[in-house]
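Enquirer: take a look and give me a structure for this.
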Amino acid sequence: MAENGRKEKIKWTTTIIISSSLKSCEIATALENRSHKIRYSDSVENGSIIFSLSGLAFLLMDAKECFISAEEIFLAKIEKFISIHRKSFLVLSAALHGPEEWKLMFRIQQRFLGSNLRILPVHNTVNAINLMCTIAKTASKPYTDSICYRMITTEAYIIEQSPVWKTLQKLKLSSDSFNPN
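Expert: Numbers count the residues shown, from 1 in each chain. Below you'll find the model as predicted:
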């Protein structure tokens with residue numbers, strides 16, 4: 001415990017597999033600076049970041065590059081990515097998400113409706129890293145166990161303190177006292 005009575009923040013680190021194509025990118029350096037264990041791989045899709053302990057995969061794409069390339073090319077890349085990774089996220093980066101970027105996201109959502117793809121619009125590297133790390137952290141085993149425990153504890157507390165629950169208990173007790181058997 002910290003001196004001021006609050007819990008100390010424990011630094012969360014994990015192993016991250018990053019596409020070798022991102023080796024010289026700002027995002028890889030920023031993840032390394034957060035003390036994560038970084039492994040580079042040529043065998044993963046270009047532009048992908050995989051949080052192995054959480055089982056999450058993120059595909060980084062720039063909205064400008066999507067506009068420049070043919071739609072079939074980037075949709076095929078996304079298709080291949082989601083066919084490999086069960087929990088997949090498309091991190092779509094744009095300095096400003098204007099009407100064209102929203103139309104692009106809508107087309108991607110329409111194309112992959114019902115799949116396991118989730119789209120994360122981001123504006124910069126810091127925004128992307130914060131989102132990816134937060135999602136990966138909450139999906140990792142110790143944190144999911146902690147969240148489940150807190151939810152069960154909260155549910156029990158709410159039920160215990162609920163006026164409706166207390167009324168039902170009183171009704172049950174009063175009905176038992178009138179029961180002649």
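Enquirer: what is the mean pLDDT for the longest helix anywhere in the chain?
Expert: When the chain is parsed with DSSP state H, its longest helix is helix 141-161. Computed over helix 141-161, the mean pLDDT rounds to 79.
Enquirer: starting at the chain centroid, how far to that helix?
Expert: 20 Å (C-alpha atoms, centre = their mean, to the nearest Å).
Enquirer: which strands and helices sit next to that helix?
Expert: If you count contacts as 3 or more C-beta pairs under 8 Å, 6 or more residues apart in numbering; DSSP states H and E, helix 141-161 packs onto helix 125-139. Heads up, the C-betas are built off the backbone N, CA and C, glycines and all.
Enquirer: between helix 125-139 and the helix or strand containing residue 91, find me the angle.
Expert: Applying DSSP states H and E as the criterion places residue 91 in strand 87-93. Relative orientation of strand 87-93 versus helix 125-139 (axes from the mean of the first three to the mean of the last three C-alpha atoms, to 10 degrees): 170 degrees.
Enquirer: got the contact list for the helix or strand that strand 87-93 is followed by?
Expert: Downstream of strand 87-93, the next assigned helix or strand under DSSP H and E is helix 99-111. Contact with helix 99-111 is made by 63, 66-67, 71, 75, 78, 90, 92, 94, 97, 117, 119, 121, as judged by C-beta atoms under 8 Å, 6 or more residues apart in numbering.
Enquirer: any idea of the mean pLDDT in helix 99-111?
Expert: pLDDT averaged over helix 99-111 gives 91.
Enquirer: also stretch 46-53?
Expert: Stretch 46-53 carries an average pLDDT of 89.
Enquirer: quick one: buried residues of it?
Expert: With burial defined by 16 or more other C-beta atoms under 10 Å, the residues of stretch 46-53 counted as buried are 47-51.
Enquirer: then stretch 136-155?
Expert: Neighbour count says stretch 136-155 has 136-137, 139-140 buried, by 16+ other C-beta under 10 Å.
Enquirer: got the CA positions of it in PDB?
Expert: Taking C-alpha atoms only, stretch 136-155 is exported to PDB below (Å, rounded to 0.1, in the frame of the first residue of the first chain):
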ATOM      1  CA  ALA A 136      -5.100  -6.500 -24.000                       C
ATOM      2  CA  LYS A 137      -4.700  -5.800 -20.300                       C
ATOM      3  CA  THR A 138      -8.400  -6.300 -19.500                       C
ATOM      4  CA  ALA A 139      -8.400  -9.500 -21.600                       C
ATOM      5  CA  SER A 140      -5.400 -11.100 -19.900                       C
ATOM      6  CA  LYS A 141      -6.000 -13.900 -17.400                       C
ATOM      7  CA  PRO A 142      -5.200 -12.300 -14.100                       C
ATOM      8  CA  TYR A 143      -7.300  -9.200 -14.900                       C
ATOM      9  CA  THR A 144     -10.300 -11.200 -16.200                       C
ATOM     10  CA  ASP A 145     -10.200 -13.200 -13.000                       C
ATOM     11  CA  SER A 146     -10.100 -10.100 -10.900                       C
ATOM     12  CA  ILE A 147     -12.900  -8.500 -12.900                       C
ATOM     13  CA  CYS A 148     -15.100 -11.600 -12.500                       C
ATOM     14  CA  TYR A 149     -14.400 -11.700  -8.800                       C
ATOM     15  CA  ARG A 150     -15.300  -8.000  -8.400                       C
ATOM     16  CA  MET A 151     -18.500  -8.500 -10.400                       C
ATOM     17  CA  ILE A 152     -19.600 -11.500  -8.300                       C
ATOM     18  CA  THR A 153     -18.800  -9.600  -5.100                       C
ATOM     19  CA  THR A 154     -20.700  -6.500  -6.300                       C
ATOM     20  CA  GLU A 155     -23.700  -8.600  -7.400                       C
END
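Enquirer: appreciated, that's everything.
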